[in-house]
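> All I have is the shape, not the residue letters:
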Ligand SMILES: Nc1ncnc2c1ncn2[C@@H]1O[C@H](COP(=O)(O)OP(=O)(O)OP(=O)(O)O)[C@@H](O)[C@H]1O
């Protein structure tokens, strides 16, 4: 596309000779002779670059008119590169113009070659800035579509989730590496994104990487990028995840799946905060905040030599467990309703109501797939149940020997049995603390002591 250059100079002879050179290079030219007209043109046209004289008529040597105009154009935040020109080229004026927002400086009388190369450089830089900005905005949009950026989209009525969220709010303001543990589908990815979005890094990218999905041979290229020709398939330069997440947050999901040989490479980058793209010797800065997640028992993996202890300690400055759904029964009714609202709006269906029996059935189910499973169930039931209210039978929950009922498993310790009994009773009373404590013959403090002991709050 033809690039439009605005020339602002009070000397019409200069304008004429610039027009002559630039039109020959295929640029579209707009020319004005006053600072006011320059601002007006920028507001009314799509201008790609400004060539600006530093001295307009009244005050011909100080450059102050030019500097005011540079500041005024910069304040519009249109990211239009400005190249300033003056016949009174002093270092002071050049420095002042650059500080006010100009990108380059040319002395009159100019050499055409120098002028054209300055213009070409600034146009190329502006284009890549625009591209980077667009990508960052797209990333931001995708992240915020996939994950809520405030607590509104996060259902957390249970005390255990309320506590977790306020801890995350606090931690978000720090730079600490956070390790989120918990079963599949408990919301680890969503919470990682939430931390990013409420942190000081929110303006930059949140870059998730599923460590289980990267083939071992591509690990370095995927994480650190590669330069063209680094290996047979490297047909062009590639930016890695660390670079994409620069100044933002890198989310290492399924952490336990990093092959042991690659763990050392990751550790080195985290320690030195520097990395090199494959095939390049140039070190790049790694200013990223790391959040990782796993459903694996990393301490057991360390014992089995499948996970490096030093990497584990580097990543878990703080470790938080996201509770399974059957440990936060108070959240189930609100989550079920949240998904019903979401899917009925997505599929343009009338919003059905869950009966009390259906809610009870949901709270008694063991949810091996956690919130993801609940979301899938609500999506399915919207299509299979044609009534305005959803009853327990409509849910078609598979009655399996679940972890609430398998109390006679001979491998269970007394504590494990007590924990499961507590969860089962809580489900029966739909999360009502007073009734649960009373039915178990516990005082309120005894009840809460046990909840805390079994990490149920
Ligand atoms: N508290 C919540 N409120 C609303 N939606 C939630 C909540 N927690 C999780 N979800 C939704 O449940 C689904 C599963 O969550 P997510 O992918 O974050 O889980 P995960 O623990 O990262 O899973 P995995 O371990 O399988 O990667 C997502 O669609 C997420 O938006």
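That came in fine, so what should we check first? The shown structure was predicted, so the numbers you read here are calculated from the model rather than taken from an experiment. Residues are numbered from 1 along each chain as shown.
> Got phi/psi on the nearest residue to residue 267 once chain neighbours are set aside?
In space, and not counting its chain neighbours, residue 267 is closest to residue 311: 4.7 Å by C-beta to C-beta, 6 or more residues apart in numbering. In this view, the C-beta of every residue, glycine as well, is placed from N, C-alpha and C. Residue 311 has phi and psi values of phi -70, psi -40 when expressed as degrees, to the nearest 10.
> can you tell me how far residue 311 sits from residue 258?
The gap separating residue 311 from residue 258 is 8 Å, by C-beta to C-beta, to the nearest Å.
> Please enumerate the shared neighbours of those two.
Counting by C-beta atoms under 8 Å, 6 or more residues apart in numbering, the common neighbours of residue 311 and residue 258 are residue 266.
> hmm, back to that, quick check: the residue nearest to residue 267 touching residue 266?
Yes - counting by C-beta atoms under 8 Å, residue 311 does reach residue 266; the two are 6.6 Å apart.
> how about the helices in the stretch 201-350 of the chain?
Per DSSP state H, counting those that start in this stretch, the stretch 201-350 of the chain carries helices over the ranges 219-224, 241-244, 260-272, 298-303, 309-315, 331-346.
> between those, which gets nearest to residue 453?
Taking C-beta to C-beta, helix 298-303 is the member of these nearest to residue 453, at 19.9 Å.
> does the ligand sit close to that closest one?
No - for helix 298-303, no contact with the ligand is found by C-beta under 6 Å from any ligand atom; the gap never falls below 14.0 Å.
> Return the set of buried residues in that helix.
Neighbour counts over helix 298-303 (16 or more other C-beta atoms under 10 Å) mark 298, 301, 302 as buried.
> same question, stretch 1-20
Within stretch 1-20, the residues scored as buried using 16+ other C-beta under 10 Å are 3-11, 14-15, 18-19.
> ditto for stretch 23-33
By 16+ other C-beta under 10 Å, the buried positions in stretch 23-33 come out as 27, 28, 29, 30, 31, 32, 33.
> pLDDT averaged over stretch 318-327, what's the number?
For stretch 318-327, mean pLDDT rounds to 95.
> tell me which parts of the stretch 151-300 of the chain are close to the ligand?
Neighbours of the ligand within the stretch 151-300 of the chain, by C-beta under 6 Å from any ligand atom: 154-156, 182, 184-190, 253, 293, 295.
> Report the buried members of those residues.
Here, 16+ other C-beta under 10 Å leaves 154, 155, 156, 182, 185, 186, 187, 188, 189, 253, 293, 295 buried among these.
> So which of those residues belong to strands?
Judged by DSSP state E, these include 253, 293 as members of strands.
> So which of the buried ones among the residues of the stretch 151-300 of the chain next to the ligand sit within helices?
The helices, defined by DSSP state H, take in 188, 189 from those.
> how about JSON lines for the buried ones among the residues of the stretch 151-300 of the chain next to the ligand, with pLDDT added?
Listed next are those as JSON lines, based on pLDDT from 0 to 100:
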{"residue": "154", "pLDDT": "94"}
{"residue": "155", "pLDDT": "95"}
{"residue": "156", "pLDDT": "94"}
{"residue": "182", "pLDDT": "94"}
{"residue": "185", "pLDDT": "95"}
{"residue": "186", "pLDDT": "96"}
{"residue": "187", "pLDDT": "96"}
{"residue": "188", "pLDDT": "97"}
{"residue": "189", "pLDDT": "95"}
{"residue": "253", "pLDDT": "95"}
{"residue": "293", "pLDDT": "97"}
{"residue": "295", "pLDDT": "93"}
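> what comes into contact with stretch 448-457?
The contact list for stretch 448-457, computed with C-beta under 8 Å, 6+ apart, reads 159-160, 163, 321, 323, 327, 415, 418-419, 422-423, 426, 433, 442.
> Closest to residue 362 out of those?
The closest of the contacts of stretch 448-457 to residue 362 turns out to be residue 426 (C-beta to C-beta; 13.6 Å).
> ok, the closest one touching residue 436?
Yes - look at residue 426 against residue 436 with C-beta under 8 Å: they come within range, at 5.2 Å.
> So for those two, which sits in the more crowded spot?
Neighbour count, other C-beta atoms under 10 Å: between residue 426 and residue 436, residue 426 has more, with 26 against 21.
> tell me which element the more buried one is part of?
Secondary structure assignment for residue 426, by DSSP states H and E: helix 414-428.
> Mind listing what's buried along the next helix or strand after that helix?
Stepping forward along the backbone from helix 414-428, the first helix or strand reached (DSSP H and E) is helix 433-439. Residues of helix 433-439 classed as buried by neighbour count (16+ other C-beta under 10 Å): 433, 436, 437.
> now swap in stretch 246-259 and tell me
In stretch 246-259, counting by 16+ other C-beta under 10 Å, buried: 246, 248, 249, 250, 251, 252, 253, 254, 255, 256, 257, 258.
> swap in stretch 370-379?
For stretch 370-379, the neighbour count (16+ other C-beta under 10 Å) marks 370, 371, 373, 374, 375, 377, 378, 379 as buried.
> now, the most widely separated pair of the residues you listed?
Maximum pairwise distance among the buried residues of stretch 370-379 (C-beta to C-beta): 15.1 Å, between 370 and 379.
> quick one: contacts for the residue of the stretch 101-250 of the chain found nearest the ligand?
Taking C-beta to the nearest ligand atom, the ligand has its nearest neighbour within the stretch 101-250 of the chain at residue 187, 2.7 Å off. Residue 187 is in contact with 154, 322, 370, 371, counting by C-beta under 8 Å, 6+ apart.
> mind listing what the last one touches?
Spelled out, that is residue 371. With contacts defined as C-beta under 8 Å, 6+ apart, residue 371 is in contact with 185, 186, 187, 325, 335.
> and of these, the nearest to residue 46?
For the contacts of residue 371, the nearest to residue 46 is residue 187 (44.2 Å; C-beta to C-beta).
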